[in-house]
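Undergrad: Generate a structure from the sequence data that follows.
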Amino acid sequence: MCFSMLETTGKYLSGFYPVPEVVWIRYTVHVLLMLIFLAPRLGWSLARTARPVGQILRASLLLGSTLCSFGALAFLPLAEVKAISFVSPLLVVLFAVWLLKEQVGLSKWIAVMIGFLGTRSSSFVPGAICCRRLCCSRSARRSATACTRS
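TA: Numbering: from 1, shown residues only. As a prediction, this is how the structure comes out:
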């Protein structure tokens, strides 16, 4: 429910404000909430990490994913953005094979392809291009998350 509220709010606000500003406000509010609720308990351990380069890469991909998501929402209907974003699992599997050198069995490929049948290609309007970039950056972020955990 929170993701649908976030996307609906992002779509609404992108009608009045530039997309980078909406994304900036989103992350500024998140940082303030973390500082208010988590910093008193966790202190500096909140910002400490064993893999800073991986975390910076992951954060950059998350920022790109959010910019593309809100950019797509500014141009396309919410339902169409969600339909196009369902390409992400296919890209996650492709990135897992390519970047993480994972072995993917036939049953997983079949499951991904069945899920892929539910998506449809959109025309090359700016929103659809943003949405395709969203899928790529979201999938790359998921792969980067897997890399930072291992």
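Undergrad: Could you list every helix and strand in contact with the helix or strand harbouring Gly64?
TA: In the assignment (DSSP states H and E), Gly64 maps to helix 52-75. Of the remaining helices and strands, those touching helix 52-75 by 3 or more Cβ pairs under 8 Å, 6 or more residues apart in numbering; DSSP states H and E are helix 2-14, helix 19-37, helix 78-85, helix 126-149. (Each C-beta comes from the backbone N, C-alpha and C, glycine too.)
Undergrad: now that helix: how far from the chain's centre is it?
TA: The chain centroid and the centroid of helix 52-75 are separated by 6 Å under Cα atoms, centre = their mean, to the nearest Å.
Undergrad: Just the buried positions in that helix, please.
TA: Within helix 52-75, the residues that qualify as buried are 54, 57-58, 61-75, counting by 16 or more other Cβ atoms under 10 Å.
Undergrad: Compare the mean pLDDT across the helices and strands packed on helix 52-75 and name the weakest.
TA: Across the helices and strands packed on helix 52-75, helix 126-149 has the smallest mean pLDDT, namely a mean of 61.
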